[in-house]
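1. just need the structure, nothing else, for what follows:
(2 chains)
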Amino acid sequence: SQQGEEDPQALSIQEGENATMNCSYKTSINNLQWYRQNSGRGLVHLILIRSNEREKHSGRLRVTLDTSKKSSSLLITASRAADTASYFCAAYYPGGSARQLTFGSGTQLTVLP
Amino acid sequence: GAVVSQHPSRVICKSGTSVKIECRSLDFQATTMFWYRQFPKQSLMLMATSNEGSKATYEQGVEKDKFLINHASLTLSTLTVTSAHPEDSSFYICSASPMAGLEAFFGQGTRLTVV
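-> As a prediction, the model looks like this:
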């Protein structure tokens, strides 16, 4: 299976703290994306990092990609209660169907006020 | 960003009936859309790839006669759960991308409950 693994599965932090989530994958990728899902809702795209990029920022989000280790991390700085959600990494794999994303197992983040 | 609209957001149906879920790309054309299923506290599992003007491609283990997919236009794909059973109760989500290899945009999801 190409499905990635994310850790931790669940993370609980205090408001204002930073949250780091990790994603590992098994084979080479074209790019990797991070999505957020509030309970019972669809997914919201957060950030895309290409295979030739190592780090990318968007507001309070920082994503890193280490292709040698086949891993990525998502850092949310100065977390807020509204950041409480599930976060998924997803990747396009070469040789897979065009535009077919494979999702990681997800991290449930809880930010306590 | 691009908008994908999915309808209905919630549906309750009786066992044995069929339910149709619509997925529309509102501001872009999509030759390919994807249908996922998600169980509580789990990740998204790809069910099938919907191809405009041709047959859908189903993932292993997904019954094509059970989950009928129609992609009749560049902005609309439908998933019909036929002869629904309680085990079909789940959260179904569609996605589409304006261009290959870039970010995917997701519908709001449909919570199906079969009673």
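2. so B:Phe2, which of the three states?
-> For the record, residue B:2 is Ala, not Phe. Reduced to three states with DSSP: H, G, I helix; E, B strand; the rest coil, the structure at B:Ala2 is coil.
3. what is the burial count for B:Lys55?
-> Residue neighbour count, defined by other C-beta atoms under 10 Å in any protein chain shown, stands at 12 for B:Lys55. Bear in mind the C-beta positions are built from the backbone N, C-alpha and C, glycine included.
4. what's the spacing between it and chain A?
-> Distance of B:Lys55 to chain A, given as C-beta to the nearest C-beta, to the nearest Å: 14 Å.
5. which of the three states applies to that residue?
-> Put simply, B:Lys55 is coil when judged by three-state DSSP.
6. quick check on it: phi, psi?
-> phi -70, psi 150 (degrees, to the nearest 10).
7. list the residues that contact it.
-> For B:Lys55, no contacting residues are found, by C-beta atoms under 8 Å, 6 or more residues apart in numbering or on different chains.
8. which non-adjacent residue is nearest A:Gly40?
-> Take A:Gly40 and drop its neighbours on the chain: the residue closest to it by C-beta to C-beta, 6 or more residues apart in numbering or on different chains is B:Arg111, 6.6 Å away.
9. oh, that last question was meant for A:Cys23, not what I typed.
-> Excluding its sequence neighbours, the residue lying closest to A:Cys23 (C-beta to C-beta, 6+ apart) is A:Cys89, at 3.5 Å.
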